[in-house]
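# Sequence first, then the predicted structure, then my questions.
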Amino acid sequence: MTEPSEHIVSAKLYWFIWLVLIVGTVVTALVARVDLGTFHGIDANTVVALLIATFKASVVVLIFMHVKYTHEQMVKPLLIGAVCWLLLLLILSLTDYSSRFAG
Amino acid sequence: MSDSHTIGEAPLAVEHADRPELRHHFADVEQQRNAATLGMWWFLGTEIMFFGGMFCAYLIYRRWYFPEFAAASRSLSLPIGTFNTTVLICSSLTVAMSVRAAQLGNRKMQVRMLLLTLVFGLAFLGIKTKEWSDKYREHHIPTFDYNVVGGEGDLIQENKHLLGIDKVENDPVKLRAREAEIQQHTKVFYSLYFALTGMHAIHMLIGVGLFGVVTWMAHKGRFTPEYHTPLEIAGLYWHFVDIVWIYLFPLLYLIDRKPIS
Amino acid sequence: MATTAVSVEKKNYINAEYGIRSWLFTTDHKRIALLYIISITAMFFIGGFFALLIRLELLTPAGDLLTADMYNKAFSMHGQIMVFFFLVPSIPATLGNFLIPMMVGAKDLAFPRINLLSWYIYIAAAALYLWCLASGGVDTGWTFYTPFSSQFSNTHVVEAALAIFIAGFSSILTGLNFVVTVHRMRAPGMTWSRLPLFVWSHYATSIIMLLGTPVIAITLVLVALERTLNLGIFDPTRGGDPVLFQHLFWFYSHPAVYIMILPSMAVISEIVPCFSRKRVFGYNFVAMSSIAIAAIGFLVWAHHMFVAGISVYAALVFSFLTFLVAVPSAIKVFNWTATMYKGSVSFSTPMLYAMGFIGLFTIGGLTGVFLGTLGVDVHVHDTYFVIAHFHYVMVGGAVLGFLGGMHFWWPKISGRMYPESWGRLAAIIVFIGFNLTFFPQFILGYVGMPRRYWDYSHMPEWQALNVLSTAGASILAVGYLLPMVYLLWSLRYGKPAPDNPWQATGLEWRTASPPPTFNFDEIPEVTWEAYEYEKMPLPEEVTLER
């Protein structure tokens, strides 16, 4: 009748994550106004913004969506797989777009 | 071929009578919950690919038309976009808290948190509507008197260097040609902006609808520490829609916000 | 009163409840499978009608039966209906729905109500498409290439696109159900390595459905938006890229062909060991090859675009990747053949279809490799060579698998045996008709006949092969109609089927024919491997109950 107990995340941790997300958002907006130059030809501002976004997304997935605490083995491979699949679409399309004309 | 130990019908019938939310084809509530959660995660996987297709189109054109995309992006309100992002983050917090309240059997807290979630969600949509109506006023919505050269939504004056206007200002033919290009290429940005934020907004609306139902269920006391699966999986959906926005915000609003020297 | 071993009043899923409401509001996966069988068969014949128009037109070089516009509509709707409303759902929504819960030892799929929803979504999509058809149809080719579809076509593109968009959700929900069922609903003892290969193939198919369909969904939405709002994102004169549409379209549509073939391969993997009375050779290889086909199938899409304007570099990358995807398919063919080697082979109707599949799929698959070869493709792209190739895999492969599977599991589904002689005759007619229809098309394509042309009077020497092809099509049509007749006949007059007429392994054969609503009287606990044919009696040794 009783199931294996679900892990109950503390309210404190939720608030802390909320704060991290808010700070991350504000930092993203502020850093966008600072010229970070380019990094091997790639615009560094974009890279930083996307890295912060990925960090925020990971934190939501792990804590808010309980992936850190789940016993389900399929979730992490599934998520990573779906993201990789999207990257496949992007990267293989780029084999075309990056090698077309010089413009 | 032996089939000795089998799960008979009788014990299941007893368990099912005890647990009306347990559907007949599942052996126990745990299995049902696992199936529902896995199903929602797979569905979110399909959503990654759904939005992903648009992200692909967006990224390809952004590479092609960077200056025009940057200029158009600058016309979006950074303060409003940032604020709206925080609104969604707050809604994710309240969703997580409502699930926690269900785990603890606290019905009042569940409902409170769910109502707050709805408030935040509707606030997001309201703010979005304001943003879109600003775009309408500025003639930045494709099909509806679209124009970025002169008028309310002019993008040229503030972005002369970014758009290369300063180089061709003195040659009227080249200037006209460049302006036509800017008109076209910024329109691609806005088409994708509205497609992306529009699709996101539709998902938010669906989320609000889902949570309306879930809030009602919580209010009726349908959730217990052992069973709150609809709330859990609705919560997963909501967090996902939040994550999509977490990516949309930098990609759409922050293409190039460096101050013009 | 005669005591019969088969009690006519025994409750099964068909007679459990009566009345139209009990069917339209059912959550029983077996009843939903039957609902699907009826719907997709109807769509098949509508799609087939357009094929009839095409083949009739091509009997003569001149465009004298249809106008050019009508011909464009004919091939477009033939393709769209056959791909989206027949082939993609076919085996998964019918045989998959019916069998997978039983094969894993469950009482139903994980989400029975979502299963019913997926059927209703399919019906809504089909209704919208038929409305589009009745309003004048669509002429963009099944591929909806821009900017013709997004700007210049004067036909009902948006309705057709939306119908297919909706049908995509049906597909996604089916795939979702299968994946969660296989993960969470297996009976005690049913480990992954004891699953029938039918389940492995459907699992791989479901992954493709889940990861691929959303991309075509959003692509069709973009086309509809472009068309209604005049956006320009696919219009080269307004800074758009028509090739981007093709990238997004084919990202789904290439894996879609594996959605169409993997379930048929699933069927073959069940039929071949049964009628060779032997375990499948290389179970692990066959299982893993399904997953490999699904995965690698996503990496090759631009081989449809070699001459569309992608860069030569990209074309080389995709050509190379295309060679890779042939490997796991070939592994399956080798393994089926090795299963038959030194087996005790009997040429029952399902086995005839399976053997036909192996031969025809091999030809279709190999010609796919020809097309994936960049240099060759430049010459035969958009010719009848391509059409012959994909019909070999889709008809010679997928449809033969579907027919073989319907015959193999007909006793289980209906509780009746079909007449075996008629079955074999129809299978042979299908095989002959099919080859006569499509082999000439390889030659036609090779000598340069373009596809989608309604008039070939500039090359009247192509007529002979076209006439052969149309003649073949009429024979093929007879082959399709025969099972319709005798399978329906068998519902009333066929011999009542025993639980396991073929003495096949698999949990579905351990329950009654037709099965009870909840599949098993008792959920089995599995302690044996799949395909233990060495322990099974031969079918002739079993006394059939009367």
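It's in.
# And the pLDDT at residue C:424?
The model reports residue C:424 with a pLDDT of 97.
# Compute the distance between residue A:88 and chain C, please.
From residue A:88 over to chain C the distance is 6 Å, taken as CB to the nearest CB, to the nearest Å. In short, each C-beta sits where N, CA and C put it, glycine included.
# then the one helix or strand that residue maps to to CSV, C-alphas only?
Using DSSP states H and E, residue A:88 sits in helix A:75-97. Presented in CSV, the C-alpha positions along helix A:75-97 are these (Å, rounded to 0.1, in the frame of the first residue of the first chain):
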residue,chain,number,x,y,z
VAL,A,75,14.6,10.3,-17.8
LYS,A,76,18.2,11.5,-18.0
PRO,A,77,19.0,9.5,-21.2
LEU,A,78,15.7,10.6,-22.7
LEU,A,79,16.4,14.3,-22.0
ILE,A,80,20.0,14.1,-23.2
GLY,A,81,18.8,12.1,-26.2
ALA,A,82,16.2,14.6,-27.2
VAL,A,83,18.6,17.5,-26.9
CYS,A,84,21.2,15.6,-28.9
TRP,A,85,18.6,15.0,-31.5
LEU,A,86,17.9,18.7,-31.8
LEU,A,87,21.6,19.3,-32.0
LEU,A,88,21.8,16.8,-34.9
LEU,A,89,19.2,18.8,-36.8
LEU,A,90,21.1,22.0,-36.2
ILE,A,91,24.6,20.6,-36.8
LEU,A,92,23.9,18.6,-39.9
SER,A,93,21.9,21.5,-41.4
LEU,A,94,24.9,23.7,-40.8
THR,A,95,27.1,21.3,-42.9
ASP,A,96,25.1,22.8,-45.8
TYR,A,97,24.7,26.4,-44.6
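# contacting residues around residue C:332?
Residue C:332 makes contacts with C:265, C:269, C:286, C:289, as judged by CB atoms under 8 Å, 6 or more residues apart in numbering or on different chains.
# Closest to residue C:423 out of these?
Of all these, residue C:269 has the smallest distance to residue C:423: 20.3 Å, by CB to CB.
# Quick one, grab the pLDDT at the residue lying closest to the closest one once chain neighbours are set aside.
Among residues not flanking residue C:269 along the chain, residue C:197 sits closest, at 3.7 Å (CB to CB, 6 or more residues apart in numbering or on different chains). Looking at residue C:197, its pLDDT is 97.
# Surely residue C:103 is within a helix?
Yes. Checked against DSSP: H, G, I helix; E, B strand; the rest coil, residue C:103 lies within a helix.
# Please tell me how far it sits from residue C:266.
Distance, residue C:103 to residue C:266, using CB to CB, to the nearest Å: 10 Å.
# now swap in residue C:470 and tell me
Taking CB to CB, one finds residue C:470 at 32 Å from residue C:266.
# cool, residue B:234 as well?
For residue B:234, the distance to residue C:266 - CB to CB - is 34 Å.
# Neighbour count: the two, which is higher?
Per other CB atoms under 10 Å in any protein chain shown, whichever of residue B:234 and residue C:266 has more neighbours is residue C:266, with 30 against 24.
# contacting residues for residue B:231?
Counting by CB under 8 Å, 6+ apart, residue B:231 has contacts B:98-99, B:102, B:110, B:214, B:217-218, B:223.
# One more pass at 7 Å, please.
B:98-99, B:102, B:214, B:218, B:223 (CB atoms under 7 Å, 6 or more residues apart in numbering or on different chains).
# try residue C:80
Residue C:80 sits next to C:142, C:160, C:164 when contact means CB under 7 Å, 6+ apart.
# and these near chain A, which?
Among the contacts of residue C:80, no residue is within reach of chain A (CB under 7 Å from any CB of the partner chain).
# Give me the below-cutoff pLDDT ranges for the chain.
In the absence of a named chain, this looks at chain A. Within chain A, the stretches with pLDDT under 70 are A:1-5, A:102-103.
# nope, chain B please
B:1-19, B:261.
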